[in-house]
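S.K.: Task: produce atomic coordinates for the following.
(chains A and B)
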Number of protein chains: 2
Amino acid sequence: MTERLLVIGGGAAGMSAASAARRTDPDLPITVLESGPYSSYGVCGIPYYLAGVVANAASLIAHPPSEFIERRRIDLRHGVEAVALDLDQRTLQTSDGETLDFSTLVYAAGAEPIVPPTARTRDPRVVTVRSLADAMVLRARLPEVARAVVVGAGYVGLEVADSLAQRGVSTTVVDRLPRVMPTLDEVIAERVEAEVRKHVELDLGSGLRALQLRTDAVVVELDDHELAADLVVLALGVRPRTGLLADAGLATTQEGALLVNARMQTSHAGVLAAGDSVAHHHRVLDAPAYVPLGPAANKTGRVAGTVAAGGDATFAGVVGTAVVKVFDLEVAHTGLSLEQAMAAGLDAVATDVTAMSRAKYYPDSAALHVRLVHERSRRVLGAQIVGTDGAAKRIDVVAAALHFGSFIDDLAGFDLAYAPPFSPVYDPITQVAQAAQREANRPSAVLGRVGR
Amino acid sequence: MTERLLVIGGGAAGMSAASAARRTDPDLPITVLESGPYSSYGVCGIPYYLAGVVANAASLIAHPPSEFIERRRIDLRHGVEAVALDLDQRTLQTSDGETLDFSTLVYAAGAEPIVPPTARTRDPRVVTVRSLADAMVLRARLPEVARAVVVGAGYVGLEVADSLAQRGVSTTVVDRLPRVMPTLDEVIAERVEAEVRKHVELDLGSGLRALQLRTDAVVVELDDHELAADLVVLALGVRPRTGLLADAGLATTQEGALLVNARMQTSHAGVLAAGDSVAHHHRVLDAPAYVPLGPAANKTGRVAGTVAAGGDATFAGVVGTAVVKVFDLEVAHTGLSLEQAMAAGLDAVATDVTAMSRAKYYPDSAALHVRLVHERSRRVLGAQIVGTDGAAKRIDVVAAALHFGSFIDDLAGFDLAYAPPFSPVYDPITQVAQAAQREANRPSAVLGRVGR
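M.R.: You can find the predicted model right below:
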């Protein structure tokens, strides 16, 4: 058997895996197949490229191919698709007609945008924003776009709407749900919604039925009305891109995400997986969860590559932390929302506070809304923070608490940094933890009241 | 014995204690003696009031006296000094000639600025910045001040120098040490020093010998030269204000800070203490330490008041977190510096990284210097972060880690928030933790190299 590490996918996870493998074993032959023309770029940067905040697509590329090919001696091939995979024979057929042998595989093909059957078209006015190449084509077209419809009010849809609005495009965001960002509790989502409505149209509670591809416009047919647009962006989320493994019998979650252990090993010997194809261990749920985000893609890639090359590494899992800029609002969450916690059968409540981001007398201090979700047993389950100042990275304190399975009393006891330009003397996180303690100390009948 | 809670000191700790006691026991008689004319104000806000960033002194006052006296039914007395205290008889003589009985005492007299014998004068051109009343007098005088000397290059000295520079005062900061901010390691302090030198004169390594109080100027005599000024600000740190307890035989640290347990009880039954008179339990050192800062003053006050009124509360201690804005630089630290760790006999090393505050392609992304101090056994001991963007509150993640006695591997595993406007995909904290892991995995002989 040829000694070769084969990596399928040249995104963050795949290139992290290849690089980590090279660091672990200076001599291991490593081949990476990337179906697109670019590798190692930040998908998360695409909205900022579309907005023009980032001038050049090249800026989104973490390292040029030469870095991988020459300096790290990785056989990185662009525009090559993996066509068929035989895990038992350890061979791969490529779109070039080549058969590649490998001793170890890191599967890092990522995720693909969900496109409903009604929206499957090659019309260039109907797009997704998942690949840099597509984003470059789209950006070039934006000067001709007056009206856009973004389908999907999740975080990507809102980021893209923000970008389009910055480019002067009259934009409407539609969603079949009656709310934005379903990973947030409604009381928080409402604040996001109010911000979105300041900048673009928001058309909630009406699902996409069909697209009419007319010469002069794409008509978006919704349940009870229609919208005409020059551009339709589909932002309906992603799913693991694991079609190549369909017959391989690898263990997956119900939604098709690969199940792996902490060393990123799949159920098949010699086959590892990383990134957005994989379900990560969710420390709060203590179960696999599909949370395809950048940091975990990079970390799991690194672990998979290290282990694939004979080194030792483990992935600590995720707690479900995410942050997004929605126009002028920072929206951050970690762990479980109250809705998610209740859906998981946990005896959960939520405590809400409004706190200032800096000392109240300091300029630019702004209100933050902080929600802490916790069990009646006082275990912290999650948090959500929204505000125009200092919301984003404050969530990390709760993420750290969740890493350790903390209680609200731990959180209230954290020695957080204070100076008037940066925080009130009781940080908003301390304030919400103190409020949660007060709630938890009341008779339990009263507790439900704060939830919603 | 009269049932009465007596609180000495109307600062953050004292008023937190009185308020917490009232919440715990609606009927308890509570008296607070505050020697100055103002209570419940943020000492930390004084530099911003001097700079004019905060327009009115009233803004620094958390609650007006009426809030305490009328709404919380607290007998708050301003301008009344505690003259003599008999802990066995539980009586206090006041400067009004009154004798007050009490059943429980919360001692929260705070700290007093250190003033060397050579600088003890009533000349209004020589000041400290610890009381709001003094700050109001000083601010009124600032239009007449052309040249100022700040004695002491700790964080308060640098904050005041920043304020004076903003008011157009030509300012020199002097310190007998050859460096600024001794709580930082030198490699970090050097960055702060470079920032300070962009804005004011810095005169290090020359101690204060004497002050000449001339009509036209105060001449500051240093070891080898002298400086003339219209204003001299003494910022040489503080010490616990515990003179009233001198004969009471309470247990203290060597520097005179009161020793308390987690319920803020001193060694004398019925006597509790809180705030800047107290040594806090330092979780990293697992020993009492004198770290007089605002958040702990508020928290310990709250605990002392709750316990004094018959409730239950404990203080989790500190890990030594602090942040300061020095001109355009955010300077944050938590836990132990490498110097402090080595002084404590720990087998410590430091790992340094320079990381961007946001995605490298995102506007306003700026370099952060992050130092992680850890034991060779991989336990996290502390961190220091400096930068112009996103340094301040990032320290809180390490503060949370220190709360739990974490290892560098925990820190590297935290699921921290990522979006391009707020962080690189590997947060700077993750980056320094990963670098520390790489250092720790090398042969130990190499480890010392990164320390300094």
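S.K.: avg pLDDT for stretch A:14-22?
M.R.: Mean pLDDT, computed over stretch A:14-22, is 98.
S.K.: Residue of the stretch 51-200 of chain A closest to chain B, please.
M.R.: Closest to chain B within the stretch 51-200 of chain A is residue A:59: 3.8 Å, counting by C-beta to the nearest C-beta. For glycine as for every other residue, the C-beta is placed from the backbone atoms N, C-alpha and C.
S.K.: burial of that residue, as a residue count?
M.R.: Look at residue A:59: counted by other C-beta atoms under 10 Å in any protein chain shown, it has 17 neighbours.
S.K.: Is it correct that it falls within a strand?
M.R.: No: counting by DSSP: H, G, I helix; E, B strand; the rest coil, residue A:59 falls outside a strand, being helix.
S.K.: right, and it touches residue B:361 too?
M.R.: Yes: between residue A:59 and residue B:361 there is a contact at 3.8 Å, judged by C-beta atoms under 8 Å.
S.K.: can you list residues touching both of those two?
M.R.: Residues touching both residue A:59 and residue B:361 (C-beta atoms under 8 Å, 6 or more residues apart in numbering or on different chains) are residue A:45.
S.K.: all helices of the stretch 351-452 of chain A, in order?
M.R.: In the stretch 351-452 of chain A, the helices defined using DSSP state H, counting those that start in this stretch lie at A:395-403, A:408-413, A:428-441, A:444-447.
S.K.: who's in contact with the residue of the stretch 51-200 of chain A closest to chain B?
M.R.: By C-beta under 8 Å, 6+ apart, the contact list for residue A:59 reads A:45, A:49, B:360, B:361.
S.K.: how close does the first one sit to residue B:378?
M.R.: By that I understand residue A:45. As defined by C-beta to C-beta, to the nearest Å, residue A:45 lies at a distance of 34 Å from residue B:378.
S.K.: Looking only at neighbour counts, state which of these two leads.
M.R.: Neighbour tally, residue A:45 and residue B:378, criterion other C-beta under 10 Å: the higher count belongs to residue A:45, 26 against 16.
S.K.: Nearest spatial neighbour of that one, chain-adjacent residues omitted?
M.R.: Among residues not flanking residue A:45 along the chain, residue A:60 sits closest, at 4.2 Å (C-beta to C-beta, 6 or more residues apart in numbering or on different chains).
S.K.: tally of neighbours for that neighbour?
M.R.: Residue A:60 has 23 neighbours, counted by other C-beta under 10 Å.
S.K.: Is the helix or strand residue A:18 falls within in proximity to chain B?
M.R.: Assigned by DSSP states H and E, residue A:18 belongs to helix A:12-24. Yes: counting by C-beta under 8 Å from any C-beta of the partner chain, chain B has neighbours in helix A:12-24: residue A:12.
S.K.: Okay, now the unreliable bits of the stretch 1-150 of chain A?
M.R.: A:1 (pLDDT under 70).
S.K.: for chain B, what are the nearby residues on it?
M.R.: Selection of the stretch 1-150 of chain A residues close to chain B by C-beta under 8 Å from any C-beta yields A:12, A:42, A:44, A:45, A:48, A:53, A:54, A:59, A:60.
S.K.: Break chain A into its domains for me.
M.R.: What automatic domain parsing lists as the domains of chain A is A:5-111+A:239-308, A:117-236, A:328-443.
S.K.: show me the residues around the spatially most central residue of chain A that make contact.
M.R.: In chain A, the centroid-proximal residue (C-alpha atoms, centre = their mean) is residue A:293; its distance is 3.2 Å. Residues in contact with residue A:293, defined by C-beta under 8 Å, 6+ apart, are A:318, A:322, B:418.
S.K.: separation between it and residue B:114?
M.R.: 50 Å.
S.K.: and residue A:369, what is it in contact with?
M.R.: Residue A:369 sits next to A:188, A:191, A:352, A:353, A:354, A:385, A:386, A:387 when contact means C-beta under 8 Å, 6+ apart.
S.K.: Quick one: neighbours of the fifth one, just the number.
M.R.: Residues lying near residue A:354 (other C-beta under 10 Å) number 12.
S.K.: and if you look at residue A:204?
M.R.: Neighbourhood size, residue A:204 [other C-beta under 10 Å]: 15.
S.K.: swap in the one 10 residues further on?
M.R.: Here the neighbour count serves as a burial measure; for residue A:214 (other C-beta under 10 Å) it reads 10.
S.K.: what pLDDT does it get?
M.R.: The model's pLDDT for residue A:214 equals 97.
S.K.: Any figure for the gap between the residue of the stretch 201-350 of chain A found nearest chain B and residue B:395?
M.R.: Proximity of the stretch 201-350 of chain A to chain B (C-beta to the nearest C-beta) peaks at residue A:316, 2.9 Å away. With distances taken as C-beta to C-beta, residue A:316 is found 21 Å from residue B:395.
S.K.: Pick out whichever of those two has more residues nearby.
M.R.: Neighbour count, other C-beta under 10 Å: between residue A:316 and residue B:395, residue B:395 has more, with 27 against 19.
S.K.: So the more buried one sits against residue B:385, correct?
M.R.: Yes: using C-beta under 8 Å, residue B:395 is in contact with residue B:385, at 5.5 Å.
S.K.: residues shared between the contacts of those two?
M.R.: By C-beta under 8 Å, 6+ apart, residue B:395 and residue B:385 have these common neighbours: B:332, B:333.
S.K.: Could you tell me which residues of the stretch 251-400 of chain A lie near chain B?
M.R.: A:283, A:293-296, A:298, A:315-325, A:330, A:332, A:334, A:359-363, A:390, A:392-397, A:399-400.
S.K.: now these: which count as buried?
M.R.: A:283, A:293-296, A:298, A:315-325, A:330, A:332, A:334, A:359-362, A:390, A:392-397, A:399-400 (16 or more other C-beta atoms under 10 Å in any protein chain shown).
S.K.: circling back: which ones are touching the residue nearest to residue A:45?
M.R.: Per C-beta under 8 Å, 6+ apart, neighbours of residue A:60: A:41, A:42, A:45, A:46, A:49, A:54, A:132, B:361.
S.K.: Please repeat the previous calculation with a cut-off of 10 Å.
M.R.: A:38, A:40-46, A:48-49, A:54, A:132, A:135, B:359-361, B:420 (C-beta atoms under 10 Å, 6 or more residues apart in numbering or on different chains).
S.K.: repeat for residue A:303
M.R.: Per C-beta under 10 Å, 6+ apart, neighbours of residue A:303: A:13, A:16-17, A:20, A:260, A:262-265, A:272, A:274, A:311-316.
S.K.: Report the buried members of those.
M.R.: Buried members of the contacts of residue A:303, scored by 16+ other C-beta under 10 Å, are A:13, A:16-17, A:20, A:260, A:263-265, A:272, A:274, A:313, A:315-316.
S.K.: JSON lines please, covering those and showing distance to residue B:201.
M.R.: Listed next are the buried ones among the contacts of residue A:303 as JSON lines, based on distance: C-beta to C-beta, whole Å:
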{"residue": "A:13", "distance to residue B:201": "52"}
{"residue": "A:16", "distance to residue B:201": "48"}
{"residue": "A:17", "distance to residue B:201": "53"}
{"residue": "A:20", "distance to residue B:201": "49"}
{"residue": "A:260", "distance to residue B:201": "59"}
{"residue": "A:263", "distance to residue B:201": "57"}
{"residue": "A:264", "distance to residue B:201": "56"}
{"residue": "A:265", "distance to residue B:201": "61"}
{"residue": "A:272", "distance to residue B:201": "59"}
{"residue": "A:274", "distance to residue B:201": "54"}
{"residue": "A:313", "distance to residue B:201": "51"}
{"residue": "A:315", "distance to residue B:201": "51"}
{"residue": "A:316", "distance to residue B:201": "48"}
